[in-house]
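Enquirer: This is a predicted model, with the sequence first.
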Amino acid sequence: MIDDTRRLNSFLRKTRRGHVLKITHELYLRTDITCGSNACQQCIIGQTTLLDKHMKNGNNLISTGHYLLVDTNIVLQQVDVLEDPLLTNVIVPQIVLDEVRHKSLAIYKRIRSIIAIPERKFFVFINEFNKNTFVLRKPGESPNDRNDRAIRKIAQFYNEHLKQQISIVLLTDDIANRDLARQEGLIAFSLKEYISTFNRPELLDRLVLKEESFDLEKDLGKRKEIIFPEHVSVSEVQRGIKSGKYLQGTFQASRENYLEANVFVQDSEKYNQLFVQGYRNLNRAVHDDIVAVEVLPEQEWAIPFSLVIDDKDDDQGDLVIEQEETGLVVQGVSSKRTSSCRIVAIIKRNWRQYCGILQESLPGARFHLFLPHERRIPKIRIESRQAEELKNSRVMVQIDHWPRSSRYPHGHFIKTLGKLGDKETENEVILAEHDILHHEFPEAVLDCLPKLPWTITEEDLANRVDLRDFCIVSIDPPGCTDIDDALHCRSLENGNFECGVHIADVTHFVRPNTALDLEARERGTTVYLTDRRIDMLPVLLSGNLCSLRGGEERFAFSVRWEITPDAKIVNTIFHKSIIKSRSAMTYEQAQAIKDDSGINDEIARSLRRLHSIAAQLRQKRLDKGALVLESSEVRFQLDTETHDPLNVINKELRETNWLVEEFMLLANISVAEKIYELFPDCACLRKHPAPPISNFDPLVKAAETKGFQVKANTGKELADSLDQAILSAHPYFNTMLRMLATRCMMQAVYFCSGFESDIKSFEHYGLATPIYTHFTSPIRRYADVLVHRLLAAGINADATFPDLLNKRVLQQICNNLNYRHRMAQYAARASVDLHTQLFFKNMNTNEDGYVFAVRKNALQILLPRYGLETTLFLRDKDGKSVGEFHEEESTQTINNLTIHMFDPVTVQISVDSNNIQRQRIQIHLVKPFIDGFSVAPIVKNKTTIDEIDNTITTPVKRLKVKSSK
């Protein structure tokens, strides 16, 4: 102690090298820190005064109005309860916020969000700098005990400061802290004791309960058995990873077999991927956890099974049968065992909130099984008092812990999302499951937008190249309002052409580190669902001021090339510009103008020149080994009122599609080369790693079934092999092979060039280019915003700022963008699946398809017309397995009829509505006919797509799922 308002806090810390340092913190204590209460007669009332003077929150425990004081454990473990609007007038000590931020940044953000809502009246009390509440740590006292004492001191301070006008209720689940508080004359309750006084069963369901609360076997008088091995300690994991005994990786559960998973290993020269099979070896790991693994001896390596199996729908208690422990659910042999491991510890849990449904339970049951929407997540056991009300609802649940003696993890209810099967509810599930940020833009963001009417100033004209007289056009899908890009092509006097790509200048409006910029950075990308679009930027920018609409003056960032007639680039320039698009066309309109020899205006001539050059650029890429891959993309005709699907149409690609694509690729490559030249340590680039050769095993095996040899040592070899794999009698075979090749690929990712030592690792495998980035879609991708800023700073078109050239900050942003981009893709696919199911909801129809994969107990059937891949389980009406699986030949033999991969089939499609909780598309085999297994075809008049279109009298909105390389 130095004087009455100054404190010195000293402690010892050991460095990595073993040295001991004495750290001293100097604190200056104040007496003018407000208590935040309107009932206070001593503190100055100001904007920070939040707590009410009169309250009506009395209950059976405490009848008068009162303030709640929460400790760290309440915030960390029970934030789901704190988010309920019922709880108001809450004091959150600074010491609690600091500890929460240190232990869980995610929960810290959530409690900060509550504090930011004025109506909730959560007041942050700065106790550590208040002379009346600061407590010094006693000799031998643990940090936790010191913090608990500080919180009790705060309760005492408020009682004295407010002269007992308003009661202070300490909420703590720490029994020792609660007992000490009561001994000191304070009012203290556990959170469960407090909220039990309200008639709100859903609040009790949100409580995080301790492990012993879930002891089902004890309740039934049974002996509790240990199912899982104990996880090794943190120190042992660290030593093991350092010595090579253990490896670290990311746990990826199987979608098709709940007893199998893979671990993608980090920093190992020998193993990139390890296989895990059986309950004991999985050892309580959950999808996306960071785990420590031990490689098994080779004689114990497992045999992956070509099985599609789910955990049983009924509650098995905590019983685990021997086959589940080892993973050998179905006996079989395989010529190839896979390098395998067992989970020895969880390094980092990546648990989140999960959407799903409650399985049916016995009447009056206390505990229930929650079935997650995501197949890779295990069932979760929760306690609920409202199971009857929730049985037809989608709910959200959080995992709390997973004891060694429990078959399933334990968790708690969070909230109800809506009625099962309701379209809005199912959309909410998609958004929540894929962590799509879809809240309204905050006022702080909207305040950053320009005021209307927006005009171009003389200063703007002076700093930009005026291209308003150029014949610039945009080509996009129907209904597109966020037009990022436009093109032009004109002849030069020397016989060459000038081609230009003009991209919306988003960075003129989105300035660095503003609320608008930070929101866009967090969202990362615009998300395209079938019936809606969730913008990265507010619609004033995305659909208006940044969108390169026809006939309107807009700011752009231009890339212009001088190109010879044989598509050789002579010169490239980059600059900011002002453009005025002559026309905003669809792909169909542009194709019609290009093909119509009777049209010879400036737009038509420009399109034909662009097409000629694009064709040559495309051929050059293909000659280098660029891949042409396939995916089953469809679009829906939607009812304009209900947005329900009326028809499903395959995406149609025209020449104008790849015309635009070629010039966008050229712009992205040109910009990538430029920003890497300007900023070699902090260029934001995009790479597509070459897949390990083992990734192509399924593709090679599939091609061999039709007599083709696929070589995949290089991208060029793979491209040539795919080009040659053509069956004249089976036109769709090559498309399916390319779809399989797509699934062998690695994920393309953004990265900062300063974190890659070898420029060879910059390669984009799919495009066969040594360097690549994203520049052409800044309205819908934040990566492009970063690239615009780098390029603008490099050509002196805009100022730089510290974070732009900080490679660590840039890599952190890239990591978030990779995550957001991946989640957006998954959400788009899930939206297509939802609308496909809605489309077939009241239908029962025959459809032609192909066998896309042969499994041990199922066939994967591809239905090209609908872009749908679904499972045909090989079992009879009694649930018994039928058929004989031949792994080497990838065939199934049923009643002497052999089915091969790629065989044509006819199936009957319907929606299984027997179980209202798990409605799904189901198929039955029609052709080839197999006695006792196939079903009779539905006899009805065939209706063509054109005839369906003619029956639609109301205008429909045509949307498609956008994708990007």
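Expert: Right, received. Where do you want to start? As the structure is a prediction and not an experimental result, all values here were calculated from the model.

Enquirer: Extract the C-alpha trace of the strand or helix carrying Gln398 and format it as PDB.
Expert: Assessed by DSSP states H and E, Gln398 sits inside strand 393-401. Only the C-alpha atoms of strand 393-401 are listed here, as PDB (Å, rounded to 0.1, in the frame of the first residue of the first chain):
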ATOM      1  CA  SER A 393     -41.500 -28.300 -32.700                       C
ATOM      2  CA  ARG A 394     -38.000 -27.500 -33.800                       C
ATOM      3  CA  VAL A 395     -35.800 -26.700 -30.800                       C
ATOM      4  CA  MET A 396     -32.300 -25.600 -30.000                       C
ATOM      5  CA  VAL A 397     -30.100 -27.400 -27.600                       C
ATOM      6  CA  GLN A 398     -26.500 -26.900 -26.200                       C
ATOM      7  CA  ILE A 399     -24.100 -29.600 -25.100                       C
ATOM      8  CA  ASP A 400     -22.800 -29.100 -21.500                       C
ATOM      9  CA  HIS A 401     -20.700 -32.200 -20.800                       C
END
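
Enquirer: List the buried residues for stretch 448-457?
Expert: Residues 448-449 are the ones in stretch 448-457 that count as buried (16 or more other Cβ atoms under 10 Å). Where you see a C-beta, it was placed from the backbone N, CA and C, and this is true even at glycine.

Enquirer: gap between the longest helix anywhere in the chain and the chain center?
Expert: In the chain, assigned by DSSP state H, the helix with the most residues is helix 807-839. When C-alpha coordinates are averaged (Cα atoms, centre = their mean, to the nearest Å), helix 807-839 and its chain have centres 5 Å apart.

Enquirer: can you check stretch 533-553 too?
Expert: 25 Å.

Enquirer: Output that stretch as PDB - backbone C-alpha positions only.
Expert: What follows is stretch 533-553, C-alpha atoms only, in PDB (Å, rounded to 0.1, in the frame of the first residue of the first chain):
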ATOM      1  CA  ARG A 533     -30.800 -13.400 -50.100                       C
ATOM      2  CA  ILE A 534     -29.000 -12.400 -46.900                       C
ATOM      3  CA  ASP A 535     -26.800  -9.500 -47.900                       C
ATOM      4  CA  MET A 536     -23.300  -8.700 -46.700                       C
ATOM      5  CA  LEU A 537     -24.000  -5.000 -47.200                       C
ATOM      6  CA  PRO A 538     -27.200  -3.000 -46.600                       C
ATOM      7  CA  VAL A 539     -29.500  -2.900 -49.600                       C
ATOM      8  CA  LEU A 540     -28.800   0.800 -50.300                       C
ATOM      9  CA  LEU A 541     -25.300  -0.300 -51.400                       C
ATOM     10  CA  SER A 542     -25.800  -3.900 -52.600                       C
ATOM     11  CA  GLY A 543     -28.900  -3.100 -54.600                       C
ATOM     12  CA  ASN A 544     -28.400   0.500 -55.500                       C
ATOM     13  CA  LEU A 545     -25.400   2.700 -55.200                       C
ATOM     14  CA  CYS A 546     -22.800   0.000 -55.700                       C
ATOM     15  CA  SER A 547     -24.800  -2.100 -58.200                       C
ATOM     16  CA  LEU A 548     -23.800  -1.400 -61.800                       C
ATOM     17  CA  ARG A 549     -27.300  -0.900 -63.100                       C
ATOM     18  CA  GLY A 550     -28.000  -0.100 -66.700                       C
ATOM     19  CA  GLY A 551     -28.200   3.600 -67.600                       C
ATOM     20  CA  GLU A 552     -26.900   4.900 -64.200                       C
ATOM     21  CA  GLU A 553     -23.600   6.500 -63.400                       C
END
